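Enquirer: Give me a 3D structure for the following:
(chains A and B)
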Amino acid sequence: MEIVVLSGKGGTGKTTVATNLAQVLNMNYIDCDVEEPNGHIFLKPTIEKQIDVEILNPVIDKDKCTLCGKCAEACQFNALATVPTGVMLFKELCHGCGACMIACLQGAITEVGRSIGIVSVGNTDGISFMSGKLNIKEPMGGPIISKLKEISKFDDHKLLDSSPGTSCSVVKTLDGADYALLVTEPTKFGLHDLKLAVALVKEMGISHGIIVNRNIEGNSMIQDYCESENIDLIGEIPFSRKAAELYSQGLLLIDNPEYKMIFETIGTKLIKEASRRSSDAISGN
Amino acid sequence: MQLVVISGKGGTGKTTIASSFAYLSDSDLIKIDCDVDASNLHLMFDGEDIEKSDFYGAKAAEILSDKCINCNKCIETCRFGAIRFINGRTLIEPLKCEGCGACVLVCEEKAITLDHEITGTTLITKTQNGLISRAEMIPGAEGSGKLVTKVRQNANIIGSNKESDYIIDGSPGVGCAVMASITGCDYCVIVTEPTQSGFEDFKRIYELTTYFGVKGFAIINKYDINPLISDQIKKFCSDVNMPVIGKIPFDKLVGESINAGCPIVSYEQSIAGQSIIKIWNEFKNRTGE
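Expert: Modelled structure (predicted):
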């Protein structure tokens, strides 16, 4: 079972939900929010190893290069420019696709790895922990997410904590998931961005359910949306200043008995719905 | 004057602050929502979309099945795992395709095309408090940074008859969309919160702003949730010489104001609103704008 926790809007409680659920469900945790990873603050893992993540950048052999411009023409990301003195590489724009190397008829291009971030692997309280971190000034976290997915591919019991939004990083995180758990809050912003996240998981054909965080009695905008769209409501986490204070200190909410019960109830329902939906998907229902 | 409001961590109050600044400022000042995949600024103002156009922000490859001989060359070449052989046909998964065109270069049958694709819609929204340039990205689209750049270019076009001033509502994170929002700005306001996550993310976004040479100011939102971490953030700011131009107390009215679609500064009794008014004046005093 591979479950991705995502949200659309930032700051709705993805990491709170993912870290607490990983503990109550004994599932391995993978932090795919590589621009701002925070899971380690709450899970306090022991890190066993760190792996450099590289993307391949072209290296041009000046002796072979005829300045024909084919490589720059082939590059769809404007990462290469031909100038009278040679070919310039704007390394942060390079996606590492290799198109320039294919286009070069002189065989003047080879590739070299360039580090854009790291992946940390460790464990905490009986579960394994992984997280990726993008170096500052690097624009693209995608290769780090791909690395996290590659090294965890044989692990079939995991929760992935996604970045906010609905951009390509979220797509990479969701790729291959069995179930998407959408965390939102009962505000106009939360609902607006939730709808975008729902559109994305539907487009990708991933079964999904919703958690309302900071739930307020008398405000049912998210519950009403779930009902009208026929989306499973997996749980509600009540609004409380106490939760905000625990979070601020980097503590898991399940250290508090009242929240432990809430997360256990959510966890049970999540596994039940996710198993039912994914077996429905397999049998084509 | 170009001011960008950013945060690193999501949900710290960027749009609450940007919408308040937009409300307090002259209506000539153009507002830009650069959070293109979760744009919320326009929800705080009654407005009407006066311009709308498709934006072609990426390319995507497509296989012409009548020419494809299923030779697998493209599958071997694609580094993004976007091409698969399913049910006797070679197919491209659009959400995984980064539009690099490597497959086109290796296909001897000329069975693959690479075309521009629509990644979102750009809009100009007219409100009582001035114009908002914004976008709605198609969920899952490539190239959010390019869409951000386009939204900023559109603001330049509508503001071309004068020395234009802008307030930009940024997106969370430190990646391409954020970099495209910060570049070329005169000032940035970093909105943080006194949580361990907020503080850690604050340090990362601070580091990014130093590369762009943008003059930065910090705001600590919900400072009373954890006064100890608020003090640690202030100490960090003082060490790196970044002025903290205000602290905002936790205020339940903020959530209500969002749901009412009115900037919090329009609530006279709001303690958060009062703090933001002070912060806006402080910002103007310090920058002379």
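Enquirer: tell me the mean pLDDT for stretch A:101-112?
Expert: The average pLDDT within stretch A:101-112 is 97.
Enquirer: before we move on, what about stretch B:266-281?
Expert: Stretch B:266-281 shows a mean pLDDT of 97 in the predicted model.
Enquirer: low-scoring pLDDT stretches of the stretch 51-200 of chain A, where are they?
Expert: Applying pLDDT under 70 to the stretch 51-200 of chain A flags no residue at all.
Enquirer: same question but for the stretch 151-289 of chain B, I mixed them up
Expert: B:160-163.
Enquirer: Point me to the helix or strand that includes residue A:183.
Expert: Under the criterion of DSSP states H and E, residue A:183 resides in strand A:179-184.
Enquirer: close to chain B, is the helix or strand following that strand?
Expert: Counting by DSSP H and E, the next helix or strand C-terminal to strand A:179-184 is helix A:188-203. Yes: Helix A:188-203 is in contact with chain B by C-beta under 8 Å from any C-beta of the partner chain, via A:188-189, A:192-193, A:196-197, A:199-200, A:203. Bear in mind the C-beta positions are built from the backbone N, C-alpha and C, glycine included.
Enquirer: domains for chain B, by residue range?
Expert: B:2-56+B:120-287, B:65-110 (automatic domain parsing).
Enquirer: closest to residue A:261 out of these?
Expert: Residue A:261 lies closest to domain B:2-56+B:120-287 among the domains of chain B, at 23.7 Å (C-beta to C-beta).
Enquirer: Figure out the length between the terminal residues of that closest one.
Expert: 11 Å (C-alpha to C-alpha, to the nearest Å).
Enquirer: what's the offset of it from the middle of its chain?
Expert: 8 Å (C-alpha atoms, centre = their mean, to the nearest Å).
Enquirer: Helices of chain B, start to end?
Expert: All helices of chain B, identified by DSSP state H, fall at B:14-24, B:73-77, B:102-106, B:144-158, B:176-182, B:196-212, B:227-240, B:253-260, B:271-287.
Enquirer: Switch these over to CSV; also include distance to chain A.
Expert: Listed next are the helices of chain B as CSV, based on distance: least, C-beta to the nearest C-beta, whole Å:
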stretch, distance to chain A
helix B:14-24, 7
helix B:73-77, 7
helix B:102-106, 4
helix B:144-158, 5
helix B:176-182, 4
helix B:196-212, 4
helix B:227-240, 6
helix B:253-260, 5
helix B:271-287, 15
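Enquirer: Tabulate the ones you listed (TSV), appending mean neighbour count.
Expert: What follows is these, written out as TSV (neighbours: other C-beta atoms under 10 Å in any protein chain shown):
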stretch	mean neighbour count
helix B:14-24	26
helix B:73-77	18
helix B:102-106	22
helix B:144-158	21
helix B:176-182	25
helix B:196-212	20
helix B:227-240	15
helix B:253-260	19
helix B:271-287	17
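Enquirer: which residue sits closest to residue B:28, ignoring its sequence neighbours?
Expert: residue B:130 (6.5 Å; C-beta to C-beta, 6 or more residues apart in numbering or on different chains).
Enquirer: Now do the same contact list for that neighbour.
Expert: B:22, B:25-31 (C-beta atoms under 8 Å, 6 or more residues apart in numbering or on different chains).
Enquirer: So it versus residue A:110, what's the distance?
Expert: 53 Å (C-beta to C-beta, to the nearest Å).
Enquirer: quick one on the thing from earlier: just the buried members of the residues of helix A:188-203 next to chain B?
Expert: Taking 16 or more other C-beta atoms under 10 Å in any protein chain shown as the criterion, what is buried in those is A:188-189, A:192-193, A:196-197, A:200, A:203.
Enquirer: can you redo those as JSON lines with distance to residue B:279?
Expert: Shown next, in JSON lines, are those (distance: C-beta to C-beta, whole Å):
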{"residue": "A:188", "distance to residue B:279": "23"}
{"residue": "A:189", "distance to residue B:279": "21"}
{"residue": "A:192", "distance to residue B:279": "26"}
{"residue": "A:193", "distance to residue B:279": "25"}
{"residue": "A:196", "distance to residue B:279": "30"}
{"residue": "A:197", "distance to residue B:279": "31"}
{"residue": "A:200", "distance to residue B:279": "35"}
{"residue": "A:203", "distance to residue B:279": "40"}
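Enquirer: ok, these vs residue B:114, which is closest?
Expert: Taking C-beta to C-beta as the measure, residue B:114 sits nearest to residue A:203 out of these, at 21.4 Å.
Enquirer: buried residues in stretch B:61-80?
Expert: Those buried within stretch B:61-80 under the rule 16+ other C-beta under 10 Å are B:61-63, B:68, B:73-75, B:77-80.
Enquirer: scratch that, stretch A:147-155
Expert: Within stretch A:147-155, the residues that count as buried by 16+ other C-beta under 10 Å are A:147-149, A:152.
Enquirer: repeat for stretch A:83-96
Expert: For stretch A:83-96, using 16+ other C-beta under 10 Å, the buried residues are A:87, A:89, A:92, A:94-96.
Enquirer: Mind checking which of those land in strands?
Expert: When DSSP state E is applied, those are split such that A:87, A:89 fall in strands.
Enquirer: of the buried residues of stretch A:83-96, list those near chain B.
Expert: Counting by C-beta under 8 Å from any C-beta, the members of the buried residues of stretch A:83-96 near chain B are A:95-96.
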